[in-house]
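# Need a 3D model of the following:
(2 chains)
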Amino acid sequence: MIAFVAFSLRRAWQGFRRNGLMSVAATATMVLMLVLLSGLIILLTGLNATLKSVEDQVQVVASLRDSASQSEILDLQTSLRNMPQVSQVGYVSKDQAYNDFVARHPDQVDVIKSLPNNPMPASLRINLRDPNDYVDVAAYLKNQPGVERVLNIKQTVDQMVTVINILRAGGVAILLVVGLIVLFIIVNTIRLAVVSRADEIEIMRLVGASDAFIRWPFVFEGAIVGLLGAVITIGLLFPITSFLSPYFKVLPVDAGIGVGQNIALIVLGTGVGIGVLGSYLSVRSYLHR
Amino acid sequence: MSAAPSGSNPSKTRDSDAQPITDKAPVPDQSAAADKPAQSARGARPALPLAEATAPTPRARTATGPPGGAAKPAARTETRVPARVVVAIQGVTKSYPNGRVALRGVDLTIPEGDFVFLVGPSGAGKSTVIKLLIRDELPTKGAVLLDDRDVAKLKRSEVPKIRRKIGIVFQDFKLLPNKSVRDNVAFALEVIGTPRREIAPAVDRALRVVGLTGQADQLPSQLSGGEQQRTAIARALVHNPRLFIADEPTGNLDPLISWEIIQLLLRINEMGVTVLMATHNAEVVTAVRKRVVALEDGRIVRDQVAAAYEREG
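Model prediction:
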């Protein structure tokens, strides 16, 4: 068994080396396809993270009556925190709202200062787990005695959710299509490499090599192509992403760094997996006759 | 290596106008090949334990040429009784999905040590017989037995094992261009899982038999056609097959080189290997006077011992 594996590995390496041009072509195709795939995955991860942060910014803003008592407000906050749709509840006092307004509209300071008292209401700002729950939470708040008014941004939220969903679905669709293209192109390239050695397989069959002795060296060879392709891809990807990541800093999210390891694993798995699969399928058509 | 009665087996006459069967038909120079250690045309070659494992001197062989007397080689005096049957084709019909019928009710028995020429026009069914023997095709009807085992009934996993009993060479040599002569021959052992330490001696032996020891490290592209075919023969021989099949082995070679190859096959036969050779080469067949099985339109129309390519008399 060990002798067999050693034999297969040795033959795989020989096969890879002696068919230089085909091996280089297969590996180069592998690298290009993996760069395409991982580039797309990085972009989609960034897109997804961006969409998520946009979603997180959806807040239900409920302004409170000045008459609402301290305990009334605390009770309301507690009940809101217990709602499954709610991720976070923030309280903005009248004074803070006043300061925020002054800070945001410095040119209108005179106007607000001319008023006899602070016109800004205290408010609750509720972050949602899912923007689709906006209507439910807003409806609940409207019926609370301490709540004066709920800012209605339903239409905006609906539009945003629609756009986000389209972008997400589009991303998945593109990923699937590109994934299939990558699969077919790599499998085909490896198939070409195997077909170019049909003579060798024929001779092996004629001299009585068992199917395992024919198949496994080719499968290992596919794995070598995949492994080498993946390593080169990862080697290319890291400088590229570290070069680009400053440009992504403007995004409100971490679009690339924590993703690196996952991408490397995906690239490695895809490369070796498709390499093995491609060889297996290509050789199989020569064995079953 | 046990020498078995070759070619000159009694019986085997399916034809009305067959020649009288003689027990002495072989080519004269076979005895020469077996008896006196031939000097090498290529110079230095290590001394061999087996006299028969030395290559014939190609030019000299051709010069002595074909027919003539019938001296029985000394190597063949030790007789084995009775000769086992290596190949038994029984009532085989082969038709292809496209409706073409390649073989119609063919019966053919080849005893151990026999040398058989399979002749006939293109499309007569010669290749089909060979494909059935190596189980590249299955018979539509009938049985193909190799060493008493029906190859059609083998499990897929047993097919490689039956192929290891066979050595086969083709018109187009089928050598791997990027491997040396030695590696091409060794390849046949490597891929059937032969332990490495056994490979080198076996390869050396096979190369000595075909007389290519001096060219062992060359690539096929550096060899002549005859040398390429010798390499293929060494590869087919290296695992000590029971049955040696040659499918038009001289098809790509000029007459002189063809003769060398035939001499080599005769010597391999002398070593006890059963040989089946499909060919168009009338000159060779007629000169060698071995058993001739003629196929026409999928039927055996003649099966004669010590015969010519064409029907005689």
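
# before we move on, which element is the residue sitting nearest the centre point of chain A in?
Centroid-nearest residue in chain A: A:Thr45, 2.9 Å away (criterion: CA atoms, centre = their mean). A:Thr45 belongs to helix A:20-56 when assigned by DSSP states H and E.

# Quick check: next helix or strand after that helix?
Going down the chain from helix A:20-56, the next helix or strand is strand A:59-64, by DSSP H and E.

# Counting by contacts, list what that next one packs against.
Applying 3 or more CB pairs under 8 Å, 6 or more residues apart in numbering or on different chains; DSSP states H and E, one finds that strand A:59-64 contacts strand A:123-128, helix A:134-142, strand A:147-150. Bear in mind the C-beta positions are built from the backbone N, C-alpha and C, glycine included.

# Of all these, which one is nearest chain B?
For chain B, the closest of the helices and strands packed on strand A:59-64 is strand A:123-128, at 61.7 Å, according to CB to the nearest CB.

# State the distance from the spatially closest residue to A:Arg149 that is not a sequence neighbour to B:Leu108.
The shortest distance from A:Arg149 to any non-neighbouring residue, by CB to CB, 6 or more residues apart in numbering or on different chains, is to A:Ser63 (5.3 Å). According to CB to CB, to the nearest Å, A:Ser63 and B:Leu108 sit 103 Å apart.

# Give me the more crowded residue out of these two.
For A:Ser63 versus B:Leu108, the count of surrounding residues by other CB atoms under 10 Å in any protein chain shown is larger for B:Leu108: 21 against 17.

# Need the three-state assignment for that one.
Three-state call for B:Leu108 (DSSP: H, G, I helix; E, B strand; the rest coil): strand.

# what do you get for B:Glu312?
Counting by three-state DSSP, the backbone at B:Glu312 sits in coil.

# tell me the pLDDT at it?
On pLDDT, B:Glu312 comes in at 71.

# Same check on B:Ser224?
Note on B:Ser224: pLDDT of 93.

# ok, and the closest residue to it other than its chain neighbours, which helix or strand is that part of?
Leaving aside its sequence neighbours, B:Ser224 sits nearest to B:Ile257 (CB to CB, 6+ apart; 7.4 Å). Here B:Ile257, judged by DSSP H and E, is contained in helix B:255-270.

# what separates that helix from the chain centre, distance-wise?
Centroid displacement of helix B:255-270 relative to its chain, using CA atoms, centre = their mean, to the nearest Å, is 9 Å.

# same question for the helix or strand that that helix is followed by, mean pLDDT?
Next along the chain after helix B:255-270, taking DSSP H and E as the criterion, comes strand B:274-279. In this model, strand B:274-279 carries a mean pLDDT of 95.

# what does stretch B:183-203 give?
The model assigns stretch B:183-203 a mean pLDDT of 92.

# likewise stretch A:118-129?
88.

# Show the end-to-end separation of that stretch, please.
Between the opening and closing residues of stretch A:118-129 there is a gap of 33 Å (CA to CA, to the nearest Å).

# In it, which residues are buried?
Going by neighbour count (16 or more other CB atoms under 10 Å in any protein chain shown), the buried part of stretch A:118-129 is A:120-124, A:126, A:128.

# before we move on, what about stretch A:61-77?
Residues A:61-65, A:68, A:72-73, A:76 are the ones in stretch A:61-77 that count as buried (16+ other CB under 10 Å).

# again with stretch B:90-102
B:90, B:92, B:94, B:102.

# just stretch A:174-183 next, same as before
The neighbour-count check on stretch A:174-183 (16+ other CB under 10 Å) flags A:178-179, A:182-183 as buried.

# Equivalent analysis for stretch A:280-289, please.
A:280, A:282-283, A:286.

# Let me know the distance separating the residue of the stretch 1-150 of chain A found nearest chain B from A:Met30.
The minimum distance from the stretch 1-150 of chain A to chain B, using CB to the nearest CB, falls at A:Arg18 (5.4 Å). Distance of A:Arg18 to A:Met30, computed by CB to CB: 19 Å.

# Output the set of residues of the stretch 1-150 of chain A in proximity to chain B.
A:3-4, A:7, A:11, A:18-19 (CB under 8 Å from any CB of the partner chain).

# Just the buried ones from those residues?
Neighbour counting with 16+ other CB under 10 Å marks A:7, A:11, A:19 as buried within the residues of the stretch 1-150 of chain A next to chain B.

# tell me the SS of A:Leu167?
helix.

# can you count the residues close to it?
Counted with other CB under 10 Å, A:Leu167 comes out at 15.

# was I right about it contacting A:Thr50?
No: the pair A:Leu167 / A:Thr50 is not scored as a contact, 9.2 Å apart, by CB atoms under 8 Å.

# A:Phe213: what's it in contact with?
A:4, A:7-8, A:204, B:191-193 (CB atoms under 8 Å, 6 or more residues apart in numbering or on different chains).

# try it again with 6 Å
By CB atoms under 6 Å, 6 or more residues apart in numbering or on different chains, the contact set of A:Phe213 is B:Val191.

# so it is in which element?
With DSSP H and E as the test, A:Phe213 turns up in helix A:211-248.

# can you give me the mean pLDDT across that helix?
Summarised as a single mean, pLDDT over helix A:211-248 is 87.

# Packing partners of the helix or strand just after it?
Using DSSP H and E, the helix or strand that follows helix A:211-248 in sequence is helix A:260-287. Applying 3 or more CB pairs under 6 Å, 6 or more residues apart in numbering or on different chains; DSSP states H and E, one finds that helix A:260-287 makes contact with helix A:20-56, helix A:154-195, helix A:211-248.

# And the helices in the stretch 101-250 of chain B?
Remark: helices assigned in the stretch 101-250 of chain B by DSSP state H, counting those that start in this stretch are B:126-133, B:159-163, B:181-190, B:196-210, B:225-237.

# so how far is the helix holding A:Phe213 from its chain's centroid?
When C-alpha coordinates are averaged (CA atoms, centre = their mean), helix A:211-248 and its chain have centres 20 Å apart.

# buried residues in it?
Counting neighbours by 16+ other CB under 10 Å, one finds that the buried residues in helix A:211-248 are A:211, A:213-230, A:232-234, A:237, A:241, A:248.

# what's the angle between it and helix A:154-195?
Counting by axes from the mean of the first three to the mean of the last three CA atoms, to 10 degrees, helix A:211-248 lies at 140 degrees to helix A:154-195.

# Next, the angle helix A:20-56 makes with helix A:211-248.
Helix A:211-248 runs at 50 degrees relative to helix A:20-56, counting by the same axes, to 10 degrees.

# any idea how far A:Ser282 is from A:Ala209?
Distance, A:Ala209 to A:Ser282, by CB to CB: 17 Å.

# cool, B:Val210 as well?
For B:Val210, the distance to A:Ser282 - CB to CB - is 34 Å.

# can you check A:Gly39 too?
For A:Gly39, the distance to A:Ser282 equals 27 Å [CB to CB].

# What pLDDT does the model give the nearest residue to A:Met33 once chain neighbours are set aside?
Leaving aside its sequence neighbours, A:Met33 sits nearest to A:Val182 (CB to CB, 6+ apart; 4.3 Å). On pLDDT, A:Val182 comes in at 91.

# A:Val182 and chain B, how far apart?
From A:Val182 over to chain B the distance is 30 Å, taken as CB to the nearest CB, to the nearest Å.

# same check, this time on A:Gly235
Shown here: A:Gly235 relative to chain B, a distance of 30 Å by CB to the nearest CB.

# Run the chain-centre distance for stretch B:178-187.
With CA atoms, centre = their mean as the basis, the mean position of stretch B:178-187 lies at 21 Å from the chain mean.
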